[in-house]
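Peer 1: kindly return the folded structure for what I paste below:
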Amino acid sequence: MPITNGTVFMPSVLTFIGIPGLETIQCWIGIPFCAMYIIALAGNSLLLIIIKTEPSLHEPILHKPMYIFLAMLGATDIALSTCILPKMLGIFWFHLPEISFAACLLQMWFIHSFQAVESGILLAMALDRYVAICDPLRHTTILSQKLLIHIAVGVILRAAILVAPSIVLIKCRLKLYRTTVISHTYCEHMAIVKLAIEDVRINKIYGLFVAFCILGFDIIFITLSYIQIFITVFQLPQKEARFKAFNTCIAHICVFLQFYLLAFFSFFTHRFGAHIPSYVHILLSNLYLLVPPFLNPIVYGVKTKQIRDHVLKIFFSKNPS
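Peer 2: Predicted coordinates for the structure are as follows:
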């Protein structure tokens, strides 16, 4: 319902621009994004099928907790990329830029919740590697099935509970908007908050609080875990043992770095990079959501022998005639 001075009171529909400054070529940008999405869906789905159907991956000696967390990561990656890509391609290719305000808030909640879940899973995977290397004899005892269930529930609840108030703050506190046009490809928290003309300091402060409670907390404890892991590895007497122990962490380190480096670039450029062109902000935000789901199954498929062997068996085994 529009009111005076061009402001809008509690809009029912919002409109996406897409990538500001690149509107004329964003239909071409959608092609690599779509390819990344298809590979992410195929790779993570294959990963889930292998973990579900391969009996050898369920043996305790092969670190069953790692594969449970990997399955959770794959499912989260599928959900996260699906939250953003279909609507983005609708904007780029089919000229469908509109979204209802309620659907926009729901998309925002899903996206940020799945980001928080993925960060929590990476923390749980760091815990798994820490116990496997620093206390290997008690690995399966400490990371019991009951504890794994508690970790999974805790990671999901933490994300949903911390992100939900940001939705409530937008819905209840922000009534007047200077425009209904979002300079973005999806419903991101700050992109919506910046549309309002009221005092948005509480919304911004809460966004920073959530980022610290999730990303900051997880990064600190993942880093501490790997410091202790490296200390333990370098204390091993045999060179082969050190290499084998370190090799089990390489895939997780790669996934950890790509997720948090993209998160930091996106976070800091969006909040503190006022001089950076807006299309750089948007592209970084999109890559932050699309690159990890795209690369994670590739990294684990290459670096995890059991998964790599099963993929090779699926695609290259010769059936007897």
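Peer 1: pretty sure Ser119 sits in a strand.
Peer 2: No - assigned with DSSP: H, G, I helix; E, B strand; the rest coil, Ser119 falls outside any strand and is helix.
Peer 1: now it. Nearest residue, chain neighbours left out?
Peer 2: What sits nearest to Ser119 in space, not counting adjacent residues and going by CB to CB, 6 or more residues apart in numbering, is Asp218, at 4.7 Å. Every C-beta, even on glycine, is put in place using the N, C-alpha and C of the backbone.
Peer 1: pLDDT wise, what is the one you found at?
Peer 2: For Asp218, the model assigns a pLDDT of 95.
Peer 1: run a quick neighbour tally on it.
Peer 2: When neighbours are counted by other CB atoms under 10 Å, Asp218 registers 23.
Peer 1: again, but for His150
Peer 2: Count around His150 with other CB under 10 Å applied: 11.
Peer 1: ranges for the helices of the chain?
Peer 2: 26-53, 64-94, 101-134, 139-142, 145-173, 189-193, 201-211, 217-234, 239-272, 278-303, 305-316 (DSSP state H).
Peer 1: wait, which of the ones you listed is closest to Ser12?
Peer 2: Proximity to Ser12, assessed across these by CB to CB, is greatest for helix 101-134 (5.7 Å).
Peer 1: which other helices and strands does the closest one contact?
Peer 2: Secondary-structure packing of helix 101-134 (3 or more CB pairs under 8 Å, 6 or more residues apart in numbering; DSSP states H and E): strand 13-16, helix 64-94, helix 139-142, helix 145-173, helix 189-193, helix 217-234, helix 239-272, helix 278-303.
Peer 1: give the contact list for the closest residue to Leu287 other than its chain neighbours.
Peer 2: Closest residue in space to Leu287, ignoring its immediate chain neighbours: Leu262 at 6.1 Å, by CB to CB, 6+ apart. By CB atoms under 8 Å, 6 or more residues apart in numbering, Leu262 lies in contact with Leu284, Leu287, Tyr288, Val291, Pro292.
Peer 1: low pLDDT regions in the chain?
Peer 2: Scanning the chain with the threshold set as pLDDT under 70 gives 1-6, 55-63, 270-274, 317-321.
Peer 1: tell me the centre residue of it?
Peer 2: Gln115 (3.9 Å; CA atoms, centre = their mean).
Peer 1: reformat the helices of the chain as JSON lines; add distance to Thr180.
Peer 2: Shown next, in JSON lines, are the helices of the chain (distance: least, CB to CB, whole Å):
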{"stretch": "helix 26-53", "distance to Thr180": "20"}
{"stretch": "helix 64-94", "distance to Thr180": "15"}
{"stretch": "helix 101-134", "distance to Thr180": "9"}
{"stretch": "helix 139-142", "distance to Thr180": "52"}
{"stretch": "helix 145-173", "distance to Thr180": "14"}
{"stretch": "helix 189-193", "distance to Thr180": "11"}
{"stretch": "helix 201-211", "distance to Thr180": "18"}
{"stretch": "helix 217-234", "distance to Thr180": "35"}
{"stretch": "helix 239-272", "distance to Thr180": "20"}
{"stretch": "helix 278-303", "distance to Thr180": "18"}
{"stretch": "helix 305-316", "distance to Thr180": "46"}
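Peer 1: out of those, nearest to Leu14?
Peer 2: Closest among the helices of the chain, using CB to CB: helix 101-134, at 5.3 Å.
Peer 1: so how far is that closest one off the chain centroid?
Peer 2: Centre-to-centre, helix 101-134 and its host chain are 6 Å apart (CA atoms, centre = their mean, to the nearest Å).
Peer 1: in that helix, what counts as buried?
Peer 2: 101, 104-105, 107-134 (16 or more other CB atoms under 10 Å).
Peer 1: shouldn't Met108 be in contact with Met190?
Peer 2: No - in this structure Met108 lies outside contact range of Met190 using CB atoms under 8 Å: 10.3 Å.
Peer 1: sorry, back to before: which stretch among the helices of the chain comes nearest Pro20?
Peer 2: Distance to Pro20, taken as CB to CB, is lowest for helix 278-303 among the helices of the chain, at 4.6 Å.
Peer 1: buried set for the closest one?
Peer 2: Buried residues in helix 278-303 (16+ other CB under 10 Å): 278-279, 281-297, 299-301, 303.
Peer 1: now for it, which elements pack on it?
Peer 2: helix 26-53, helix 64-94, helix 101-134, helix 239-272, helix 305-316.
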